[in-house]
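Q: how would this look folded up:
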Amino acid sequence: MVRHRTILLAAAALGLAAAAPPAQAAGVVEYAVVDGYTIPEPLTETPGDPVMGRKWAINRKLGNCLSCHQMPIPEEQFHGETGPALYGVGDVYSEGELRLRIVDPKALNPYSMMPSFHKVAGLNRVLDGFENKPILNAQQIEDIVAYLMTLKDTSRN
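A: Residues are numbered from 1 along each chain as shown. Here you go, the predicted structure:
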């Protein structure tokens, strides 16, 4: 291990080793923001699974959407109120608009309290263990987008 690190350091000092782009090194899929408000292209080739997306959204160690948003998930307690309620969000936004709001909400509102779930560069006060790692991987993002697109009813029953 020490020998390998020494070789890498020496190669880097000589300019022989090229660093991988931060997005690839961190497991973040590259994406393009179009017109400043959407990521129209999916982050994966596998379509999002709304059943898995619901699980990621309520998982307190991953999406944790319930900490800030009210959602049509009555069996879960303690819905947040700092973010907008997500009832009917699938009628309000397109997949691409939702994708950007999850991947990098600060691209739309730099003062947003919502974390960037699939971005690692330019972040402040990152929790130990999450440095250079996205909170959600690309497939989890697509699953959550697929789930949010199923939320068409604005009633809160």
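Q: check what pLDDT the closest residue in space to Ala85 that isn't next to it in sequence gets.
A: Leaving aside its chain neighbours, Ala85 sits nearest to Gln70 (4.1 Å; criterion: CB to CB, 6 or more residues apart in numbering). The C-beta positions use only the backbone N, C-alpha and C, and glycine is treated the same way. Predicted confidence (pLDDT) for Gln70: 93.
Q: how many other residues sit next to Gln70?
A: Using other CB atoms under 10 Å, the number of residues around Gln70 comes to 16.
Q: need phi/psi at it.
A: Note on Gln70: its backbone torsions stand at phi -80, psi 140 [degrees, to the nearest 10].
Q: convert the C-alpha atoms of stretch 100-115 to PDB, please.
A: C-alpha atoms of stretch 100-115 as PDB (Å, rounded to 0.1, in the frame of the first residue of the first chain):
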ATOM      1  CA  LEU A 100     -32.700  19.000 -11.400                       C
ATOM      2  CA  ARG A 101     -34.500  19.700  -8.100                       C
ATOM      3  CA  ILE A 102     -33.100  16.500  -6.600                       C
ATOM      4  CA  VAL A 103     -29.700  16.500  -8.200                       C
ATOM      5  CA  ASP A 104     -28.800  20.100  -7.500                       C
ATOM      6  CA  PRO A 105     -31.600  22.300  -6.100                       C
ATOM      7  CA  LYS A 106     -29.200  25.100  -5.600                       C
ATOM      8  CA  ALA A 107     -28.900  25.500  -9.400                       C
ATOM      9  CA  LEU A 108     -32.500  26.900  -9.200                       C
ATOM     10  CA  ASN A 109     -32.200  28.600  -5.800                       C
ATOM     11  CA  PRO A 110     -28.800  29.100  -4.300                       C
ATOM     12  CA  TYR A 111     -30.400  29.800  -0.900                       C
ATOM     13  CA  SER A 112     -32.300  26.500  -0.900                       C
ATOM     14  CA  MET A 113     -32.100  24.400   2.300                       C
ATOM     15  CA  MET A 114     -32.500  21.200   0.200                       C
ATOM     16  CA  PRO A 115     -29.300  19.300  -0.200                       C
END
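Q: now the helices for this protein?
A: Applying DSSP state H to the chain gives helices spanning 2-13, 22-25, 50-58, 89-92, 95-103, 138-149.
Q: which of those has the lowest average pLDDT?
A: Looking at the helices of the chain, the weakest mean confidence is helix 2-13, a mean of 35.
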